[in-house]
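Chemist: Below is the structure, and that's it, no one-letter string:
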């Protein structure tokens, strides 16, 4: 999280982690790293300030003012050059001629090294030739009818069409009469139906169907590898790893299962085990996706080499044991306090411990590629929080305390929403948890600039995010925000979740907020 106010400029920078060109938003659109955190000051600016943008307040001695200006200018120019696509807040309707707020960074894109979450869309469907009857015209007619039913189901699945409840019942009936002859067909129908249930966010039903398929088709790797995908999608890392192991026991050279196992291990903070899985796969045959995943994991592991580790119930914290042991202990104490706060406030507890890596300033820059003014980041790829701690003493500064709470909030929100929460909600909630409000961060001129669409770029995005979440909080309280995160996890769709909890999609709510904010603070 940066410690500076946004400025203006005409340069951009490439993401040093994945190479994405011209990154300027708070998060790299390709690799998911939350990078540019334009933190506002802790106290309100004076009423006479000519600059509505929050002033710098964090670790001013780390880099020169000139370098800060260049870094922030890069972010602002890139944001202006690439218009936002995710529900930008429209102009207030109280006066004509006001421009729309440029409040949102570029939409989130897929990870450059994508976690292998979904199985192939087509499931192999073996033919189901049924045995001719021993005798009797009626028996012969029954078998012919069953053969026609089996052929119809096989054609449906081979054509990539969805199987309905009636098709699943038909496949179960065929299996009850013909057993092994139609086992492959029933397995395929079960997997097909499970994928539909998973797509509809009915994960428990999807898992039940896949477990039945696995119990029937003991020798097939398809049910466990599909289960692996469902578990990865829902953040159940241990179950995903177990399912991947079962798939690999049946199909040792399956690159999809090996990549899935490696990613599940990374999310359990078992990096060395993940590297061994991928190296073993690549020793046997080349797989470009596994090679890219291995490179990403190894780069992160190398940056953490030699760090002291402490494992607690909720955190795995790594730091330079010789230089920062006292700081590390204090960070652990603060993290535990913030964890308890977030559990109460968000009514949620992450399934797995959260890795927190404390770097020297130089190591932090090398490991993350973040500019010198960055005060920390949460990485959505591996679920890690990375913080620079150079120059700190065991008496942590208020800004470091806020940074830990801010980044930890990202981890909680990502976990509770299953990664669906959009950036505007993420950053607004993180600042709200710090106790911030736009009216204490901005003077009157700043509020007017925000209301009238003149507060742009990264700073405008963060202030708009906070003001928008404050508006949601005023409407339905913290319980409404928690319901929103639950709805996102359940539906897998941010707009549907907003409609379910607040009656409108994100764009409609932002328009409603913008009009009201403009009436209150615009000139």
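Modeler: Perfect, thanks for sending it. Note that the structure is predicted; figures quoted are calculated from it, not measured. Residues are numbered from 1 along each chain as shown.
Chemist: Tell me which residue is most central in the protein.
Modeler: Most central in the chain under CA atoms, centre = their mean is residue 419, positioned 3.4 Å from the mean C-alpha point.
Chemist: That one in helix, strand or coil?
Modeler: coil (DSSP: H, G, I helix; E, B strand; the rest coil).
Chemist: Just confirm residue 316 is within a strand.
Modeler: Yes - checked against three-state DSSP, residue 316 lies within a strand.
Chemist: residue contacts, residue 420?
Modeler: Contact analysis of residue 420 by CB atoms under 8 Å, 6 or more residues apart in numbering lists 488-489, 491-494, 497. C-beta here means a position set from N, CA and C on the backbone, and glycine is covered the same way.
Chemist: same deal with residue 174?
Modeler: Residue 174 makes contact with 128, 146, 149-150, 153, 182, 185-186, according to CB under 8 Å, 6+ apart.
Chemist: all helices of the stretch 351-500 of the chain, in order?
Modeler: Along the stretch 351-500 of the chain, counting by DSSP state H, counting those that start in this stretch, helices occupy 361-368, 398-416, 423-433, 438-441, 444-451, 457-491, 494-502.
Chemist: how about CSV for the ones you listed, with mean pLDDT added?
Modeler: Putting these into CSV (pLDDT from 0 to 100) gives the following:
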stretch, mean pLDDT
helix 361-368, 75
helix 398-416, 92
helix 423-433, 95
helix 438-441, 94
helix 444-451, 92
helix 457-491, 94
helix 494-502, 96
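Chemist: need those helices in TSV with distance to residue 216 and mean neighbour count, can you?
Modeler: Formatted as TSV, those follow (distance: least, CB to CB, whole Å; neighbours: other CB atoms under 10 Å):
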stretch	distance to residue 216	mean neighbour count
helix 361-368	47	18
helix 398-416	33	22
helix 423-433	42	25
helix 438-441	58	18
helix 444-451	60	22
helix 457-491	29	21
helix 494-502	34	20
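Chemist: Tabulate the ones you listed in TSV, adding columns for distance to residue 326.
Modeler: Formatted as TSV, the helices of the stretch 351-500 of the chain follow (distance: least, CB to CB, whole Å):
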stretch	distance to residue 326
helix 361-368	17
helix 398-416	14
helix 423-433	26
helix 438-441	32
helix 444-451	38
helix 457-491	32
helix 494-502	42
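Chemist: Please identify which of the ones you listed is closest to residue 259.
Modeler: Closest to residue 259 of these is helix 398-416 (CB to CB; 21.1 Å).
Chemist: Can you spell out which helices and strands pack onto the closest one?
Modeler: Contact here means 3 or more CB pairs under 8 Å, 6 or more residues apart in numbering; DSSP states H and E; on that basis helix 398-416 packs against helix 321-346, strand 377-379, strand 384-388, helix 423-433, helix 457-491.
Chemist: after the host helix or strand of residue 283, next one along is what?
Modeler: Using DSSP states H and E, residue 283 maps to helix 271-284. Sequence-wise, the next helix or strand beyond helix 271-284 is helix 288-303, with elements assigned using DSSP H and E.
Chemist: Tell me the helix or strand right after that next one.
Modeler: Downstream of helix 288-303, the first helix or strand assigned by DSSP H and E is strand 308-311.
Chemist: List the strands paired with that next one, with their directions.
Modeler: Here strand 308-311 is paired, per DSSP bridges, with strand 315-319 (antiparallel).
Chemist: I'd like the average pLDDT over the strand it pairs with.
Modeler: In this model, strand 315-319 carries a mean pLDDT of 89.
Chemist: residues in contact with it?
Modeler: 269, 304, 307-311, 325, 327-328, 331-332, 335-336, 339, 353-359, 389.
Chemist: tilt between it and helix 398-416?
Modeler: Counting by axes from the mean of the first three to the mean of the last three CA atoms, to 10 degrees, strand 315-319 lies at 140 degrees to helix 398-416.
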